[in-house]
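In: Starting from these lines, generate the structure:
(chains A and B)
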Amino acid sequence: MTLQESGAPRNDWDERGWNRDKSVARSRLGWIEAIANLITKTLVITEVEVRKLLHDPTDLLLRAVQPALWLLIFGQVLTRVKAIPTGNLSYIDFLAPGILAQSVLFVAIFSAISIVWERDLGIVHKFLASPTPRAALVLGKALSAGVRSLVQLVIVYLISFFLGVHLNFNPLALLGVVLIVLLGAACFSLLSLMVACLVRTRERLMGMGQLMTMPLFFASNAIYPIAMMPNWLQVVSHLNPLTYQVDALRSLMIVGSSSMYELGLDFIVLFVTATVMTLICARLYPRLVL
Amino acid sequence: MGIVEQTDRQQNLGNQPPQGDRPIIRTQMLSRYFDRAIAVDDLNLSVEAGEVFGLLGPNGAGKSTAIKMLTTLLPPTSGRATIAGFDLTQQPTQVRRMVGYVPQALSADGTLTGYENLLIFAKLYDIPRRSLKSRIAEALEFMGLQDAAHRLVRTYSGGMIRRLEIAQSILHRPPIVFLDEPTVGLDPIARSAVWDLMLELKKAYGMTILLTTHFMEEADTLCDRVAIMDHGRVVVTGTPTALKASLNIDLQSGESATLDDVFIHYTGKLLEVGGSFSDTSRVRRATKRLG
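Out: Purely as a prediction, here's the structure:
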């Protein structure tokens, strides 16, 4: 009966009471409902990852080691030699937001490896055969990388606190940090997903991940100011989303630091990057199972 | 029973009256090419509501490609299909709501519990919050998995995982379920348990089941009708009984034919031939992951 509205012929199997779960009504979603549906389904996909993490948090704990080493060893040494001009900030203050951005990058850039694994089994097939919007499938994965990154955030804050970094604990600033971390994680995990859809094997994705990490990290303002770079590298840095993520984090996390760009611009760059990547990935994702 | 020539290469041995005018699955000239290779060539199927329909054929015959098209995973190169009244390519979201799908490869998540695997799909298929718990409990009971519900799936046996996957695919009570090689890699006991379940599904929910298999015994036990595929084409369609009977007429021998004989007769090959490296490694890897 309702089926007729959607232009399909009246079906016996509908009259028999299939589809009581208002599925058919949903076939004529208004755009508000469509967005609500997108958000709900994104959260369901994220819930999958969160539940996995709760079952086995080993991976998370292991990932805490790297930022700790960067801050404790690299940070301590370079703070002492004062080789890098960081204006009114001490080097460790300058470095802490960069290391947070780096941990987020590392978590996100390899996040699609699990997706290739799920593709090799039949898990991706089953999600794609469900009525879940494609954008929700990829956004859910992006948000999962964000949730993992929030754990890194807590770790970096803890270590930074003990190292005497001048952290800004203003609730609004903290909220901003969370938002920027989620956006940054989304950008780079979607990049990872995009590459996964193109290269299709774990080995190649690992290689590509390594290949991308180096330039993304070093051609950014994560561990030294852009002003130190040769001109051509400065241009590259301005095109690197990580630069904007670090810039935003630095101005939000550290007392007495200011944004190189405007905070608004940082946010817009990350938001637009994540949105465009979502649209691309939503198109590419179904091709994983071809 | 005479052999009805449908086209020059496809035969219909149905002993049922002519097909109803509204089959629940209908494909017309559905084809899929990969680069130049033809995976499925002009597939014309018509499956009635409530039927258990089997697609038979050796590895590489195009069965999985056909199922992937019918579940909207793979866009057809040409041709069209309607699933429960919805057009496959024009209304993919509606089609997805009307079907359940059990892929050939392992599709339950080993790092979650059985309950969580069901919960996620219940949410993705918009099962209302108030009936979420009861629906999952019912599915667990139906599949005999209540006791294992809160164990991680990687501790399950192969048969339990298959049952869980079937449970996932029927949570939203779809009128149609597609199963791709549902019993491949299972031991005989688990296999017959899955068979019983599928017959039970048909009885309890009146679901239409379309499955692919290369086990003749499976087709013989489960299917109301089968289509034998070879090189992307359906070479013959009919009830298992009619197919076997037709062969006896052909052979003019006293012994009754098995479905295996039918298969060899129409495809000219033994079943064990074929199977690409990637097929094999995928199935093996799936099995290994469970261990």
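In: what helices or strands is the top helix by length along chain B leaning on?
Out: Among all segments of chain B classified by DSSP state H, the helix with the greatest residue count is helix B:188-205. The elements that helix B:188-205 packs onto, with contact taken as 3 or more C-beta pairs under 8 Å, 6 or more residues apart in numbering or on different chains; DSSP states H and E, are strand B:52-56, helix B:129-142, helix B:158-170, strand B:208-213, helix B:216-222. C-beta here means a position set from N, CA and C on the backbone, and glycine is covered the same way.
In: which of these is buried the deepest?
Out: Comparing those by mean neighbour count (mean count of other C-beta atoms under 10 Å in any protein chain shown), strand B:52-56 ranks first with a mean of 27.
In: so what strands line up beside that one?
Out: strand B:208-213 (parallel), strand B:225-230 (parallel) (DSSP bridges).
In: Any residue of whichever helix or strand comes after it touching chain A?
Out: On the C-terminal side of strand B:52-56, the closest following helix or strand by DSSP states H and E is helix B:63-70. Yes: Helix B:63-70 lies in contact with chain A when judged by C-beta under 8 Å from any C-beta of the partner chain; the contacting residues are B:K68.
In: Now helix B:63-70: buried residues?
Out: Residues B:K63, B:S64, B:T65, B:A66, B:I67, B:K68, B:M69, B:L70 are the ones in helix B:63-70 that count as buried (16 or more other C-beta atoms under 10 Å in any protein chain shown).
In: do the same with stretch A:244-256
Out: By 16+ other C-beta under 10 Å, the buried positions in stretch A:244-256 come out as A:Y244, A:Q245, A:V246, A:D247, A:A248, A:L249, A:R250, A:S251, A:L252, A:M253, A:I254.
In: Filter those residues down to just the ones in helices.
Out: Secondary structure from DSSP H places A:Y244, A:Q245, A:V246, A:D247, A:A248, A:L249, A:R250, A:S251, A:L252, A:M253 of the buried residues of stretch A:244-256 in helices.
In: Near chain B, which residues of the stretch 51-200 of chain A are found?
Out: Going by C-beta under 8 Å from any C-beta, the residues of the stretch 51-200 of chain A near chain B are A:51-52, A:55-56, A:118, A:120-123, A:125-132.
In: do that again at 6 Å, thanks
Out: For the stretch 51-200 of chain A, the residues in contact with chain B under the definition C-beta under 6 Å from any C-beta of the partner chain are A:R51, A:K52, A:L121, A:G122, A:I123, A:H125, A:K126, A:L128, A:A129, A:S130, A:P131, A:T132.
In: need the next SSE after the strand or helix carrying the first one, C-terminal direction.
Out: Mapping A:R51 onto the secondary structure by DSSP H and E places it in helix A:31-55. If you walk from helix A:31-55 toward the C-terminus, the next helix or strand you reach (DSSP H and E) is helix A:58-63.
In: Okay, buried residues for that next one please.
Out: By neighbour count, with 16+ other C-beta under 10 Å as the criterion, the buried positions of helix A:58-63 are A:R63.
In: any chance of the buried residues of helix B:63-70 in JSON lines, plus pLDDT?
Out: Shown next, in JSON lines, are those (pLDDT from 0 to 100):
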{"residue": "B:K63", "pLDDT": "92"}
{"residue": "B:S64", "pLDDT": "90"}
{"residue": "B:T65", "pLDDT": "93"}
{"residue": "B:A66", "pLDDT": "95"}
{"residue": "B:I67", "pLDDT": "95"}
{"residue": "B:K68", "pLDDT": "94"}
{"residue": "B:M69", "pLDDT": "95"}
{"residue": "B:L70", "pLDDT": "96"}
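In: Just the element for B:G79, please.
Out: Counting by DSSP H and E, B:G79 is part of strand B:78-83.
In: Show the average pLDDT along the following helix or strand past that strand.
Out: With elements assigned by DSSP H and E, the helix or strand that comes after strand B:78-83 is strand B:86-87. When pLDDT is averaged over strand B:86-87, the result is 94.
In: for whichever helix or strand comes after strand B:86-87, what is the average pLDDT?
Out: Downstream of strand B:86-87, the first helix or strand assigned by DSSP H and E is helix B:92-98. Looking at helix B:92-98 alone, the average pLDDT works out to 94.
In: Could you check how many residues crowd around whatever residue of the stretch 151-291 of chain B ends up closest to chain A?
Out: Closest approach between the stretch 151-291 of chain B and chain A, counting by C-beta to the nearest C-beta: B:P175, at 4.4 Å. Using other C-beta atoms under 10 Å in any protein chain shown, B:P175 has 26 other residues around it.
In: is it true that it touches B:F86?
Out: No: in this structure B:P175 lies outside contact range of B:F86 using C-beta atoms under 6 Å: 11.0 Å.
In: SS state for B:D41?
Out: Here B:D41 takes the strand state, with states given by DSSP: H, G, I helix; E, B strand; the rest coil.
In: In a markdown table, list the strands paired with strand B:52-56 along with mean pLDDT.
Out: Below are these laid out as a markdown table (pLDDT from 0 to 100):
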| stretch | mean pLDDT |
| --- | --- |
| strand B:208-213 | 94 |
| strand B:225-230 | 93 |
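In: Poorly predicted segments of the stretch 1-150 of chain A, please.
Out: Scanning the stretch 1-150 of chain A for pLDDT under 70 picks out the ranges A:1-29.
In: and what of the stretch 1-150 of chain B?
Out: Per-residue confidence for the stretch 1-150 of chain B (pLDDT under 70) gives these ranges: B:1-21.
In: Can you tell me which residues in it are near chain A?
Out: For the stretch 1-150 of chain B, the contact set with chain A under C-beta under 6 Å from any C-beta comprises B:49, B:71, B:73, B:84-86, B:93-94, B:96-97, B:101, B:103, B:105-107, B:111-112, B:116, B:120, B:123-124, B:126-127.
In: Please pick the buried ones from those.
Out: Here, 16+ other C-beta under 10 Å leaves B:49, B:71, B:73, B:84-86, B:93-94, B:96-97, B:101, B:103, B:105-107, B:111-112, B:116, B:120, B:123-124, B:126-127 buried among these.
In: give the contact list for residue 219.
Out: Picking chain A for this. Neighbouring residues of A:A219 by C-beta atoms under 6 Å, 6 or more residues apart in numbering or on different chains: A:L233, A:V236, A:S237, A:N240.
In: nope, chain B please
Out: For B:A219, the contacting residues are B:G54, B:L56, B:T213, B:V226, B:L259, by C-beta under 6 Å, 6+ apart.
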